[in-house]
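Trainee: Next come a sequence and a model predicted from it.
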Amino acid sequence: MATQIIMDHTGDTRHQFDPADVAAVAEAERRFKELTGYGFIAAKRMDDGRSEIVKTFDPTAEETLFVPRLQGG
């Protein structure tokens with residue numbers, strides 16, 4: 001199972017999907033595009049535990065973290 005983790009002011013929300021399920025992948029890609037369109041930064045976890053910022057949806061990523069853009073004030 002792949003997981004998308006969305007961080008926000010309430011904590012985090014997790015969405016899991018099966019990369020072999022075409023409909024689930026389409027929904028995960030829609031969510032990716034929606035969140036990055038709102039300004040969230042997306043990063044996928046690498047095998048060595050580090051993260052790498054991604055600009056396009058990767059259905060093979062085991063875990064993708066979405067972090068809201070910081071706002072100054």
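Mentor: All right, it came through fine. Residues are numbered from 1 along each chain as shown.
Trainee: Got the confidence number for the residue lying closest to residue 61 once chain neighbours are set aside?
Mentor: Nearest residue to residue 61, sequence neighbours excluded (C-beta to C-beta, 6 or more residues apart in numbering): residue 44, at 3.9 Å. All C-beta atoms are positioned from the backbone trio N, CA, C, and that covers glycine. Residue 44 is assigned a predicted lDDT (pLDDT) of 97.
Trainee: again with residue 69
Mentor: At residue 69, the pLDDT recorded in the model is 86.
Trainee: isn't it right up against residue 39?
Mentor: Yes. Using C-beta atoms under 8 Å as the test, residue 69 is close enough to residue 39 to be in contact (4.4 Å).
Trainee: which residues of the protein fall in helices?
Mentor: Along the chain, the stretches classed as helices by DSSP state H are 22-37.
Trainee: Show me where it has its strands.
Mentor: Remark: strands of the chain, listed N- to C-terminal, are 2-8, 11-17, 41-45, 51-54, 63-67; assignment by DSSP state E.
Trainee: Out of these, which is the most enclosed?
Mentor: Of all those, strand 63-67 carries the top mean neighbour count, a mean of 20, counting by mean count of other C-beta atoms under 10 Å.
Trainee: still on that earlier bit, need the strands of the chain in CSV (columns: distance to residue 33).
Mentor: Listed next are the strands of the chain as CSV, based on distance: least, C-beta to C-beta, whole Å:
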stretch, distance to residue 33
strand 2-8, 12
strand 11-17, 14
strand 41-45, 10
strand 51-54, 12
strand 63-67, 11
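Trainee: Go through those and name the closest to residue 35.
Mentor: strand 63-67 (4.9 Å; C-beta to C-beta).
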